[in-house]
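Chemist: Structure of the sequence below:
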Amino acid sequence: MATSGTQLRFFLVVHAATGKSALAGPKCTRHCKINSNTPTSSSYEQRGQRSSDDNESSHENESSHENEVQHAEKLSQKRVSILGLFREPFLRRNITVCLLAISAQRLTGFPAIFVYSTEIFRMCGLAKEISSYGSVALAGLQVLVAILGSLLLDKVGRRPVLLTGLFGCALCTLAMVTFAALSGFNICTECRYGNLVALMFFMIFFVIGPASVPYLLPAEMFGLTSRQSASALVLVVSLALSTIITAVFPIMQVYLMEWTFTIFSAITLVLALFLSVTLTETKGESFLEIQKKLEDNFLGN
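Modeler: Sure thing, here's the model as predicted:
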């Protein structure tokens, strides 16, 4: 009986232990499965990082594709030749304005004044020493006024600076003619010193506006396909006019004498009036805004 009782207790202990394990086993298994299937915060971060990387790579691919398309379009666009500038009406109007500006700059008489400044002073009755000092003063004045002109371009604008410079140059050359005539006819011998003052003011007006603005206009008025041709044409016209004026000026002095600069003054006034009507202001505007304004002016809006 004792033995059977002992066996009975051992059986109950073993059964209880196995029962708890059996009950605990499936519950632990289900809990582990639930925990294993539940996403953790680290998995969310990894998925978010992967999605953001995918988005960035897709955006980079799209932007690179767009850049390739734009580059291909630029390469496919045919560059406009110098003759082509005159075939298309819109480009023809713009290049006409640029050529008027560079012609007005050269025909102020600046090439002749720059090359023959000493002879001009002596022709007006100044002594040789004073004439030499006057030429040196003109060269130094150009440097000082150029700094001021670069500041005024962005603050005041291209159009006002250019027109003010052209009208100022025309008035100064008229003053030179007047002083030369008065001193030449012995009406006012002291008026010969007025030529030096008039030439100084001429240089101030010229350097402030006409010296630089005509070379800036092609870059602002023409697109990528026609800008190079427009700039080249403006430069060629500038050099050609400078050569012609420098070669012809001594002959003009022989026949016209003190009235030589009357021709330069009259031409400058006429061209300045044309530019006051046709030239568009471009201060503080982007290239697209400038093109829109030029198109509106071309269409008469």
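
Chemist: what about the nearest residue to Ala180 once chain neighbours are set aside, how many neighbours?
Modeler: Take Ala180 and drop its neighbours on the chain: the residue closest to it by C-beta to C-beta, 6 or more residues apart in numbering is Glu258, 3.6 Å away. From N, CA and C alone the C-beta is placed, and that goes for glycine too. Around Glu258 sit 21 other residues, with neighbours defined as other C-beta atoms under 10 Å.

Chemist: Low-confidence regions, this structure specifically.
Modeler: Where the chain drops to pLDDT under 70, the residues are 1-77, 123-126, 184, 186, 300-301.

Chemist: run the last query once more with 80
Modeler: Filtered on pLDDT under 80, the chain yields the residue ranges 1-78, 119-135, 137-139, 149-151, 154, 183-193, 195, 258, 283-285, 297-301.

Chemist: can you give me the helices in it?
Modeler: With helices called from DSSP state H, the chain shows them at 2-37, 41-76, 89-106, 110-123, 128-156, 158-184, 192-208, 213-221, 227-256, 260-278, 287-299.

Chemist: Arg159 touches Ala272, doesn't it?
Modeler: No: assessed by C-beta atoms under 8 Å, Arg159 is found out of contact with Ala272, at 11.2 Å.

Chemist: Among the two, which residue is more densely surrounded?
Modeler: Ala272 (24 against 17).

Chemist: Is the more buried one in contact with Leu166, as I believe?
Modeler: Yes: with contact defined as C-beta under 8 Å, Ala272 reaches Leu166; the gap is 4.0 Å.

Chemist: who touches both of these two?
Modeler: Ala104 (C-beta atoms under 8 Å, 6 or more residues apart in numbering).

Chemist: and of the helices of the chain, who's closest to Ile82?
Modeler: helix 227-256 (4.8 Å; C-beta to C-beta).

Chemist: in the closest one, what counts as buried?
Modeler: Neighbour-count burial for helix 227-256 flags 227, 229-231, 233-234, 237-238, 241-242, 245, 249, 252-253 (criterion: 16 or more other C-beta atoms under 10 Å).

Chemist: where's it relative to the chain centroid, distance-wise?
Modeler: Distance of helix 227-256 from its chain centroid, counting by C-alpha atoms, centre = their mean, to the nearest Å, is 26 Å.

Chemist: Also stretch 97-112?
Modeler: Taking mean C-alpha positions (C-alpha atoms, centre = their mean), stretch 97-112 and its chain are 21 Å apart.

Chemist: Can I get it as PDB, trimmed to CA atoms?
Modeler: Taking Å, rounded to 0.1, in the frame of the first residue of the first chain, the C-alpha atoms of stretch 97-112 are listed here in PDB:
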ATOM      1  CA  VAL A  97      18.700  98.900 -82.400                       C
ATOM      2  CA  CYS A  98      22.100  97.500 -81.500                       C
ATOM      3  CA  LEU A  99      23.700  98.900 -84.700                       C
ATOM      4  CA  LEU A 100      22.200 102.300 -84.100                       C
ATOM      5  CA  ALA A 101      23.600 102.300 -80.600                       C
ATOM      6  CA  ILE A 102      27.200 101.400 -81.600                       C
ATOM      7  CA  SER A 103      27.000 103.800 -84.600                       C
ATOM      8  CA  ALA A 104      26.000 106.600 -82.300                       C
ATOM      9  CA  GLN A 105      28.800 105.800 -80.000                       C
ATOM     10  CA  ARG A 106      31.500 105.900 -82.700                       C
ATOM     11  CA  LEU A 107      30.000 108.900 -84.500                       C
ATOM     12  CA  THR A 108      30.200 111.100 -81.400                       C
ATOM     13  CA  GLY A 109      33.700 111.700 -82.700                       C
ATOM     14  CA  PHE A 110      35.400 109.800 -79.900                       C
ATOM     15  CA  PRO A 111      37.900 108.000 -82.200                       C
ATOM     16  CA  ALA A 112      39.100 111.300 -83.600                       C
END
